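1. here is a sequence with its predicted model. Questions after.
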Amino acid sequence: IHPQIIEIIKLARTKPITMVMVNTNGIRIAQDKEFVKKLSEFKGGFEIYLQFDGFKKETYVKMRGKDLRKEKLQAIENLIEAEIPMTLVSTIKKEVNEEEIGAIVKFALKTNYVRGITFQPITFVGRYSKDLDPLNRTTLPCVIKAVEKQTEGLFKKGDFVPLPCPY
């Protein structure tokens with residue numbers, strides 16, 4: 001997290017915008033309760049956009065290079081304690097964490113202060129550009145099918161609609 005993030009958020013809050021979101025892996029939020037307390041001062045029009053890829057050790061090792069389960073769950077616990085809303089952001093990679101989509105949805109539904117989930121199928125750039133076949137990947141329709149199947153129909157394909165595009 002940027003060393004001046006609190007000042008940046010304060011500045012953003014002076015602008016005529018309705019929402020400030022901080023996009024983070026959650027490590028500092030898990031480790032620094034004093035920092036979380038400072039973030040809680042922004043409640044109302046403020047949310048954490050928290051990287052959260054699943055529940056399995058292998059998921060984090062393959063996706064992030066190390067097991068971050070403890071840190072992710074601690075970050076969520078600290079945000080709940082501080083009453084800070086969050087959106088869970090799950091990067092989905094074929095044959096890594098596709099089978100965790102339903103568990104993520106069920107977890108979000110029962111977890112206070114989780115306002116939503118963003119499922120992001122992995123893109124083929126940067127460190128992932130060499131080892132992935134762009135034709136053999138998870139797509140958003142794959143995610144929607146997995147949500148329906150893995151939540152035993154709690155959500156159905158027809159519950160999802162694309163965002164309108166102004167162009």
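-> Nice, I can see it.
2. what about the helix or strand where residue 107 lies, distance to the chain center?
-> According to DSSP states H and E, residue 107 maps onto helix 101-110. Once both centres are worked out by Cα atoms, centre = their mean, to the nearest Å, helix 101-110 turns out to sit 12 Å from its chain's centre.
3. and for stretch 46-56?
-> Its chain's average C-alpha position is 3 Å from that of stretch 46-56, according to Cα atoms, centre = their mean.
4. what's the first-to-last distance across it?
-> Stretch 46-56 has an end-to-end distance of 29 Å (criterion: Cα to Cα, to the nearest Å).
5. next one: stretch 46-65
-> Criterion Cα to Cα; first-to-last residue distance in stretch 46-65 is 29 Å.
6. pLDDT (mean, whole number) over that stretch?
-> Averaging pLDDT along stretch 46-65 gives 96.
7. any weak-confidence spans in this protein?
-> Low-confidence segments of the chain, defined by pLDDT under 70, span residues 126-132, 167.
8. helices or strands next to the lengthiest helix in it in the packing?
-> Longest helix in the chain, counting residues (DSSP state H): helix 69-81. In terms of contacts (3 or more Cβ pairs under 8 Å, 6 or more residues apart in numbering; DSSP states H and E), helix 69-81 is packed against helix 27-31, helix 33-40, strand 46-51, helix 57-64. Where you see a C-beta, it was placed from the backbone N, CA and C, and this is true even at glycine.
9. looking at these, which is buried most?
-> Burial of the helices and strands packed on helix 69-81 is given as mean neighbour count (mean count of other Cβ atoms under 10 Å); strand 46-51 ranks first at a mean of 20.
10. give me the distance between residue 153 and residue 144.
-> Residue 153 sits 13 Å away from residue 144, taking Cβ to Cβ, to the nearest Å as the criterion.
11. pick out whichever of these two has more residues nearby.
-> residue 144 (18 against 10; other Cβ atoms under 10 Å).
12. can you classify that one by secondary structure?
-> Following DSSP: H, G, I helix; E, B strand; the rest coil, we place residue 144 in the helix state.
13. fine by me, thanks again.
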